[in-house]
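> Here is a sequence with its predicted model. Questions after.
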Protein chains: 4
Amino acid sequence: MQDAAQKPARTAAAGRHPPRARKSIGAVRSPETHRAILAAAADILDEVGYTGFSMEALARRANSSKPTIYRWWRNKAALIMEVYEDANEAALAGTDTGSLRGDLISRLRGLWTWWDDSWAGEALRSVIAEAQLDAATLDELRNRFIPRRSAFVRLVFDRAVARGELRDGPGVDIAVAQLVAMSWFHLLTRRLGEREAIEPHVDAVLKGLDADKAYRRPVKQKPVRGT
Amino acid sequence: MQDAAQKPARTAAAGRHPPRARKSIGAVRSPETHRAILAAAADILDEVGYTGFSMEALARRANSSKPTIYRWWRNKAALIMEVYEDANEAALAGTDTGSLRGDLISRLRGLWTWWDDSWAGEALRSVIAEAQLDAATLDELRNRFIPRRSAFVRLVFDRAVARGELRDGPGVDIAVAQLVAMSWFHLLTRRLGEREAIEPHVDAVLKGLDADKAYRRPVKQKPVRGT
Amino acid sequence: MQDAAQKPARTAAAGRHPPRARKSIGAVRSPETHRAILAAAADILDEVGYTGFSMEALARRANSSKPTIYRWWRNKAALIMEVYEDANEAALAGTDTGSLRGDLISRLRGLWTWWDDSWAGEALRSVIAEAQLDAATLDELRNRFIPRRSAFVRLVFDRAVARGELRDGPGVDIAVAQLVAMSWFHLLTRRLGEREAIEPHVDAVLKGLDADKAYRRPVKQKPVRGT
Amino acid sequence: MQDAAQKPARTAAAGRHPPRARKSIGAVRSPETHRAILAAAADILDEVGYTGFSMEALARRANSSKPTIYRWWRNKAALIMEVYEDANEAALAGTDTGSLRGDLISRLRGLWTWWDDSWAGEALRSVIAEAQLDAATLDELRNRFIPRRSAFVRLVFDRAVARGELRDGPGVDIAVAQLVAMSWFHLLTRRLGEREAIEPHVDAVLKGLDADKAYRRPVKQKPVRGT
DNA sequence: ATGTAAGCGAGACGGTACGTCAGGTCTTGTA
DNA sequence: TACAAGACCTGACGTACCGTCTCGCTTACAT
């Protein structure tokens, strides 16, 4: 997807729905419809990118309707946020390399790759862009989305703390913020391809965290998953 | 402006143009028109934010017209980029505090304040958002805009190098990137108000840069300006 | 209601249902529900007019549900037709003034007043409007509704015939049609307030009917009710 | 069209525009666009009736756009009113038969036929229906449209007055109203086919007008056109 | 007495259309 | 030839109402 986007070409795409008809299952939210919408959203982001993403196209593709979508999601951004988190939940396996440095590198590399290879990067880019246009979306992004997402990075540090590799403290929050900010920066400028930038950044962050001073000795720990 | 944004309220604003009538000055670009457009753009960003910014409103406010605007700028983003750089050129005085740490803190604090207090933050937010929708804009942003802007941060390091406070090297580029990324992160999530976050971040970055190891002794140097 | 209608104001209205809860009374149509729906329909027409009338609002107001409504009425128009006829059955007292002219004037005046003062005019307006959108409704309107309603005007003539004031004939049908058409015309253009138009119209119709030539002498007759 | 309308079938119709693209001709209303829209509206009414008439379809068919349409017409009804009047202006030739009775019959017969055979009847039906939903439209209909249209019937009477066949007076206004009302009645109930109803109606109206009493002798007069 | 069939409220659903907004292009007429 | 003006198409937005569907509950009636 990187840089490819030709605007008009994209808009045209967004495929046809199968002739199947999903109807109400009573006075209760239809999980099938819910899933179909999220899936269709992911598909569209994947195939034509955010530029070609419209609620109209989404409704058509999901074999659903605009009112149904708007019944469940405040707006485009809210929907895409859910699409993103949904997939993120399931996507990223953390590798336990035994060291904080190794874990962070592995995690960031995994994240950047996921962003770059799937529609996920498109999704997050679009959420950030929308948040610049709508205060409520920005709020949600800042107060809920980011904390949830950052937690997955934070986890890696927590593991290191448990392992005795690191002392907890405010420095850890700063380090997490640095890593997230840097990832956003690469995402928003479409430089996710520069994976070789990850290692030196992690090193700088860890040095900044003064990791070595806290070093005791590794403790056995079972791996954890997530972003 | 921080957090204030009520969408409808903003959209409504975007004031009336002064009754002045500027016309063509012949077969040459009218600098007055040019200036009026940039000024009007700044005003709108200031008063109603990016949300309320439309080319229509801009033309009206500048007492100009859409075709004239499009004659000189490729699109909305290109225009706003120029607005931003134009002002940035003139806005930031760097203080020479005698130490890299002091300079960086002063510079970042100045930048965040400028973003937060003027329309500049709005402008940059909008440029970044637009870049997510248009490949050409992203290109411009990545390949020209960011390098130019980062240079102003880089300058501070260069001065420290000249001063003998620091050895040059790839770590410096990383440090610059970290500072820029962190600033963007705060800008895009409207957390520019948290100025107290600056010091610890700078400290972390400098530790990551291993600044102390490179320390020799300060050398007199005259101040430099910019972002 | 005449002329009052401000569209958005009306749409907003359509009040809350009383907290009462009607439920099924078994495998048989609940007359209470039936009545509640017709009453709610009348209320809505009265308060917010046809413009603010929606099946959704009706169901809410009647403390019922859309499927229940659609179980018993083919569509909106069918329901409103019943509402109208239901009330009409009970509403109009014919006065026996002793003369055809007096009876017609009294009848029309009563009709126009009833239309204007109650929701009835709104109801009929909406039926006519709906009939323009749906062939089946038009059919019902033309073949059943109008004949039934016109019969009440026809009655007045029949009485005159019985009285010996008038000879029956095709002219009577024409006269009835003229009076109905004129009433519709005033209803649809919201000029029911112009009651002074009634007398001259009736006179013209009677002259057209050549009533005087048929005149014998009055015969005693007891009054009849209805439109 | 009588009764035929199958809703979904109709909606599907509404033909394809030619691939040609009409663009702005400068800061002035494009008469070509204006004409194209009115023509397309007439076509759609003709082909699929009012039920299948949508602004979307109209824009597509006229090779224009919704915003352009809404720039020039307040809403659907306003547009259709113009379509109707536009055509009416050009459509009906009055025949001068030498007698008021003959002229009226000819005029009504022409009107009913025009309504029934062209899209004009559909147009007027839809205007009347819309007027029941929107106060502004009703206003326009009552205060401007109807007086203008009625004038064409009035003309026939004026001619008779000039001819000495008739004395002017309030009775004439009533007669005009009766004829218009009756025509509407037949239009709205889709009984325009009953042309044989025209003659007796005209006779009744003329008798009601007491035309014979005013009779002097015919005066030469040149024919006039219109509804 | 109990199982069945229907009425009922709730509310989600697909669908169609509405009227609005912004972006970027086009052409005219004036200076 | 630059400019103001403003009409134009494109494409998307979010909302309203329609008539349908299914659920789970409740009750009359026939077995």
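Sure, I can see it. Numbering: from 1, shown residues only, chains lettered A, B, ... in the order given.
> Tell me the residues of chain A that contact chain C?
Taking Cβ under 8 Å from any Cβ of the partner chain as the criterion, chain A does not approach chain C at any residue. Where C-beta positions appear, they are placed from N, C-alpha and C, glycine not excepted.
> Tell me the helices and strands packed up against the strand or helix carrying A:Glu140.
Using DSSP states H and E, A:Glu140 falls within helix A:135-140. For helix A:135-140, the packing partners by 3 or more Cβ pairs under 8 Å, 6 or more residues apart in numbering or on different chains; DSSP states H and E come out as helix A:76-91, helix A:120-131.
> among those, which gets the worst mean confidence?
Comparing mean pLDDT across the helices and strands packed on helix A:135-140, the weakest is helix A:76-91, with a mean of 88.
> That one near DNA strand F at all?
Yes: Helix A:76-91 comes into contact with DNA strand F when judged by Cβ under 7 Å from any atom of the strand, the residues involved being A:Lys76.
> Any buried residues in that helix, and which?
Of the residues in helix A:76-91, those scored as buried under the neighbour-count criterion (16 or more other Cβ atoms under 10 Å in any protein chain shown) are A:76-88, A:91.
> Would you reformat those as JSON lines and include distance to DNA strand E?
Formatted as JSON lines, these follow (distance: Cβ to the nearest atom of the strand, whole Å):
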{"residue": "A:Lys76", "distance to DNA strand E": "14"}
{"residue": "A:Ala77", "distance to DNA strand E": "16"}
{"residue": "A:Ala78", "distance to DNA strand E": "15"}
{"residue": "A:Leu79", "distance to DNA strand E": "13"}
{"residue": "A:Ile80", "distance to DNA strand E": "18"}
{"residue": "A:Met81", "distance to DNA strand E": "18"}
{"residue": "A:Glu82", "distance to DNA strand E": "14"}
{"residue": "A:Val83", "distance to DNA strand E": "16"}
{"residue": "A:Tyr84", "distance to DNA strand E": "21"}
{"residue": "A:Glu85", "distance to DNA strand E": "20"}
{"residue": "A:Asp86", "distance to DNA strand E": "16"}
{"residue": "A:Ala87", "distance to DNA strand E": "21"}
{"residue": "A:Asn88", "distance to DNA strand E": "23"}
{"residue": "A:Ala91", "distance to DNA strand E": "25"}
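> Is there any residue in the helix or strand containing A:Arg159 that contacts chain B?
Element membership for A:Arg159, per DSSP H and E: helix A:146-163. Yes: contact between helix A:146-163 and chain B, assessed by Cβ under 8 Å from any Cβ, occurs at A:Ile146.
> what comes up buried for the helix or strand just after that helix?
Using DSSP H and E, the helix or strand that directly follows helix A:146-163 along the chain is helix A:170-188. Using 16+ other Cβ under 10 Å as the burial criterion, the residues of helix A:170-188 that qualify are A:171-172, A:174-188.
> ok, and what's touching the helix or strand encompassing A:Arg71?
Taking DSSP H and E as the criterion, A:Arg71 maps to helix A:66-72. Contact with helix A:66-72 is made by A:Arg29, A:Thr33, A:His34, A:Ile37, A:Met55, A:Glu56, A:Leu58, A:Ala59, A:Ala62, A:Leu79, as judged by Cβ atoms under 8 Å, 6 or more residues apart in numbering or on different chains.
> In this structure A:Val127 contacts A:Val83, no?
No: using Cβ atoms under 8 Å as the test, A:Val127 is too far from A:Val83 to be in contact (9.2 Å).
> so what's A:Leu79 closest to, chain neighbours aside?
Computed as Cβ to Cβ, 6 or more residues apart in numbering or on different chains, the closest residue to A:Leu79 that is not its neighbour in sequence is A:Trp73, at 4.0 Å.
> In chain A, where is pLDDT below threshold?
For chain A, residues meeting the criterion pLDDT under 70 lie at A:1-22, A:89-94, A:211-227.
> returning to what we had before: determine the angle, from 0 to 180 degrees, between the helix holding A:Arg159 and helix A:120-131.
Between the axes of helix A:146-163 and helix A:120-131, defined by axes from the mean of the first three to the mean of the last three Cα atoms, to 10 degrees, the angle is 130 degrees.
> Can you point out the buried residues in helix A:146-163?
Under 16+ other Cβ under 10 Å, the buried positions of helix A:146-163 are A:146, A:149-150, A:152-157, A:159-161, A:163.
> Please dump these into a markdown table; it should also carry distance to DNA strand F for every row.
Shown next, in a markdown table, are those (distance: Cβ to the nearest atom of the strand, whole Å):
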| residue | distance to DNA strand F |
| --- | --- |
| A:Ile146 | 22 |
| A:Arg149 | 23 |
| A:Ser150 | 27 |
| A:Phe152 | 29 |
| A:Val153 | 31 |
| A:Arg154 | 32 |
| A:Leu155 | 34 |
| A:Val156 | 36 |
| A:Phe157 | 37 |
| A:Arg159 | 40 |
| A:Ala160 | 42 |
| A:Val161 | 42 |
| A:Arg163 | 46 |
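> Quick check: the residue of chain A found nearest DNA strand F vs chain D, distance?
The nearest approach of chain A to DNA strand F comes at A:Gly26, 2.6 Å away (Cβ to the nearest atom of the strand). Note on A:Gly26: its distance to chain D, by Cβ to the nearest Cβ, to the nearest Å, is 26 Å.
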